[in-house]
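*Asks:* Have a look at this prediction, sequence included:
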Amino acid sequence: MKREATTAVVLLVLMVVAAILAAGANPLLLVAGIAERALFTRAGLLEALLRTIPLTVMGLGITIAFRARVFNIGMDGQLIAGSVVAVALAPLLPANAAGIALFLLLGVLGGALWGGIAGLIKARYGGNEIIVTIMLNYIAIQLLSWLVRGPLQESMRIIPRTDSIDKALRLPIIFEGTRIHLGLVIAAAMIILVAVLVRRSRFGFKLDVVGANEHAARYAGIDPRRIAGLVLLVSGAFAGLAGAVEISGLYGRLQEGFAPGFGITAIAVALVARLNPLLVPLAAFLFSLLYVGLGALARNGVVPFPLINILEGTVILLFLAGSVAFSRRRKVAEATDG
Amino acid sequence: MDEVLLLTGLLAAGIRLATPIALAAIGETLAQRSGVINVGIEGIMLVGAFVAVLFTVEAGNPWTGLVAAIFAGGALGALHAYFTVRLKVEQIVSGIALLFLGLGLSGYGFRLTLAQGGEAVKVPGFSELDLFGLSGLPVVGPILFGQHALVYLTVLCALGLAWILARTRLGILIKAAGDYPAAVDAAGGSVDRIRFFCVSVGGMFAGAGGAFLSTAQLWGFVENMVAGRGFLAISCVVFARWNPLGAVLIALGFGIADAAQIRLQSYFPGVPYQFFVIVPYVVAIISLAVGSRSSQMPAALGIPFVHSR
């Protein structure tokens, strides 16, 4: 099995190299170019850091879900739902720090609501969360498209977007002269929260038991479906928070496609972090560097941008193959001995 | 008479819109019956759709495109099989990776080839048949005799798979691999080989579904054009309790819902069109809520088979 895993790794790397060569680019120069744009320019580094904020928050939500083997792939929809609820109710909020907190809380509630629909269907009817969350993505995208052209459209009624939220509801910039906002601190707080939740709490223990073996969970008096439902609600809340933070910290208003594919990338982030909340920010930063660097090269026409999706898929498969190559041998040995 | 014409058009279009979902659902039924979930068929369909257009344009013949899409789908199916059956990794995660990969490969390939000219490429795609010269018949003509060749092949494939599963030794082996793999193993069969075969063929069906989408239903490729149909196909499989004929019927339901929402848009111009576009997705969610009793689920679905000795 170890040799088969190595074969898979070699084949995957060859596939990516072939894809890059097919675009007439040099793979080595491409890697160097990505590193140069993302790591060694101030603008690139700051942009990557900015993108790390939502990806960390969402990656943490995915971490909670995947630990229980609940596959929430609808974070894009939950992010939209959170942002919509927050922006729609923003005019009712007080124009002070409490207002910011309430704005973020509304994002959390909106995301939890959207994730909670999938959670309810999972808990009550056992409906497959992968399909339900994906369907809810498509529904959220359509509803957003309607809202920014209808009831929530800016008062000028020209561009499909909302009016700006009140300046007092914007997260403050924490480094003068950059766009890095307080969301960075919020993301850091979430890392600690999730690390404690996963490792020290009863809920975290239940996640791992359900994820390891549903039957064992039932014997231990844990209802796996109820946990799964709850997990969808909680991970949805993280996506909603990420959306509200993006609006409040970066854009100040709602428009279509403001967080493209974040829900998908967050899955790759969480898997590369091996579902360890402390590694999530690192993985999020790496994927952000990749995104920023590749984005710059794609704009210059070096390679088409969808290479990013090829790389995300490949990285997940590489980690799967790697986990086989490094840990399977021991497990097989245990199985044969026992 | 107007109502009859309307209904005829609705059913004929519903069948056309259902076919890509049905093809993918047949393949997914086969894979899941053998014990392997593939949640990445959306990605395979995207690659199938792109490859079909590329080869159709190059060869000037949609059948070449279809064959190429089937090969590409089979290759991606085999990749999933390699990871889930040989390496025995988490099937869902491998499927998610396949989804990214399909999204990336199709978009990347498209921008390198067909999107280069800037102008839309003319695609010599499939046309509807006129079986026995009867497609002009009122009502039943367009529904039964005026469909694409692939529509009839899809029905034949569903019947064929149902027959294989119910009546043949191969079918028994496939079902046993999904329900009680240890029995296959004890009888000297290879669970891994059966599953590898079923997942690869399942990928071929998804590739063909993508090809139908881009060379019969529409004539051209747009990035991310599958738009959730791969996931609709999976919900067909679940709702039909892993029965291939049932899956095709459920797919037909989605196709008719889709055809209906397109028509309703023009009847209710006051209602935002987005509310109609979401209809098939809402139907899928409701069907999963109603139809998810799992009693018929292959017992070993999602569980890798490891030799005990």
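*Replies:* That came through fine.

*Asks:* And the helices in chain B?
*Replies:* Using DSSP state H, the helices of chain B run over B:2-33, B:41-59, B:62-81, B:91-112, B:140, B:149-167, B:169-179, B:181-186, B:191-212, B:229-239, B:244-267, B:274-277, B:279-291.

*Asks:* how about the ones you listed in JSON lines, adding mean neighbour count, mean pLDDT and distance to chain A?
*Replies:* All C-beta atoms are positioned from the backbone trio N, CA, C, and that covers glycine. Formatted as JSON lines, the helices of chain B follow (neighbours: other CB atoms under 10 Å in any protein chain shown; pLDDT from 0 to 100; distance: least, CB to the nearest CB, whole Å):
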{"stretch": "helix B:2-33", "mean neighbour count": "23", "mean pLDDT": "92", "distance to chain A": "11"}
{"stretch": "helix B:41-59", "mean neighbour count": "29", "mean pLDDT": "96", "distance to chain A": "8"}
{"stretch": "helix B:62-81", "mean neighbour count": "24", "mean pLDDT": "97", "distance to chain A": "8"}
{"stretch": "helix B:91-112", "mean neighbour count": "25", "mean pLDDT": "95", "distance to chain A": "3"}
{"stretch": "helix B:140", "mean neighbour count": "13", "mean pLDDT": "75", "distance to chain A": "33"}
{"stretch": "helix B:149-167", "mean neighbour count": "17", "mean pLDDT": "95", "distance to chain A": "21"}
{"stretch": "helix B:169-179", "mean neighbour count": "19", "mean pLDDT": "94", "distance to chain A": "17"}
{"stretch": "helix B:181-186", "mean neighbour count": "18", "mean pLDDT": "91", "distance to chain A": "15"}
{"stretch": "helix B:191-212", "mean neighbour count": "28", "mean pLDDT": "97", "distance to chain A": "11"}
{"stretch": "helix B:229-239", "mean neighbour count": "28", "mean pLDDT": "93", "distance to chain A": "5"}
{"stretch": "helix B:244-267", "mean neighbour count": "20", "mean pLDDT": "93", "distance to chain A": "11"}
{"stretch": "helix B:274-277", "mean neighbour count": "18", "mean pLDDT": "93", "distance to chain A": "4"}
{"stretch": "helix B:279-291", "mean neighbour count": "20", "mean pLDDT": "88", "distance to chain A": "4"}
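
*Asks:* For A:Leu39, which of those helices is the nearest?
*Replies:* Closest approach to A:Leu39 among these (CB to CB): helix B:91-112, 23.0 Å.

*Asks:* list the helices and strands the closest one packs on?
*Replies:* Identification of packing neighbours for helix B:91-112 by 3 or more CB pairs under 8 Å, 6 or more residues apart in numbering or on different chains; DSSP states H and E yields helix A:2-22, helix A:262-272, helix A:307-337, helix B:41-59, helix B:62-81.

*Asks:* Apply 6 Å and report the result again.
*Replies:* When contacts are defined as 3 or more CB pairs under 6 Å, 6 or more residues apart in numbering or on different chains; DSSP states H and E, helix B:91-112 packs onto helix A:307-337, helix B:41-59.

*Asks:* just the CA coordinates of it, formatted as CSV?
*Replies:* The C-alpha trace of helix B:91-112 is given here as CSV (Å, rounded to 0.1, in the frame of the first residue of the first chain):
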residue,chain,number,x,y,z
GLN,B,91,-14.3,8.3,0.2
ILE,B,92,-16.0,11.6,0.8
VAL,B,93,-12.7,13.5,1.0
SER,B,94,-11.4,11.9,-2.2
GLY,B,95,-14.7,12.8,-3.8
ILE,B,96,-14.3,16.4,-2.7
ALA,B,97,-10.8,16.5,-4.1
LEU,B,98,-12.2,15.2,-7.4
LEU,B,99,-14.7,18.0,-7.4
PHE,B,100,-11.9,20.6,-7.2
LEU,B,101,-9.9,18.8,-9.7
GLY,B,102,-12.7,18.6,-12.2
LEU,B,103,-13.6,22.3,-11.7
GLY,B,104,-9.9,23.2,-12.2
LEU,B,105,-9.1,20.9,-15.1
SER,B,106,-12.2,21.9,-17.1
GLY,B,107,-11.8,25.6,-16.5
TYR,B,108,-8.0,25.5,-17.1
GLY,B,109,-8.3,23.5,-20.3
PHE,B,110,-11.1,25.7,-21.5
ARG,B,111,-9.2,28.9,-21.1
LEU,B,112,-6.1,27.3,-22.8
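
*Asks:* relative to helix B:41-59, how tilted is that helix?
*Replies:* Counting by axes from the mean of the first three to the mean of the last three CA atoms, to 10 degrees, helix B:91-112 lies at 30 degrees to helix B:41-59.

*Asks:* ok, so what distance separates the residue nearest to A:Arg179 when sequence neighbours are not counted from chain B?
*Replies:* Using CB to CB, 6 or more residues apart in numbering or on different chains and skipping residues adjacent in sequence, the residue nearest A:Arg179 is A:Leu50, 5.8 Å away. A:Leu50 sits 23 Å away from chain B, going by CB to the nearest CB, to the nearest Å.

*Asks:* one step back: which among the helices and strands packed on helix B:91-112 is found nearest to A:Ile159?
*Replies:* Closest of the helices and strands packed on helix B:91-112 to A:Ile159 is helix A:307-337, at 27.1 Å (criterion: CB to CB).

*Asks:* Can you name the residues that contact A:Ala101?
*Replies:* A:Ala101 makes no contacts at all, as judged by CB atoms under 6 Å, 6 or more residues apart in numbering or on different chains.
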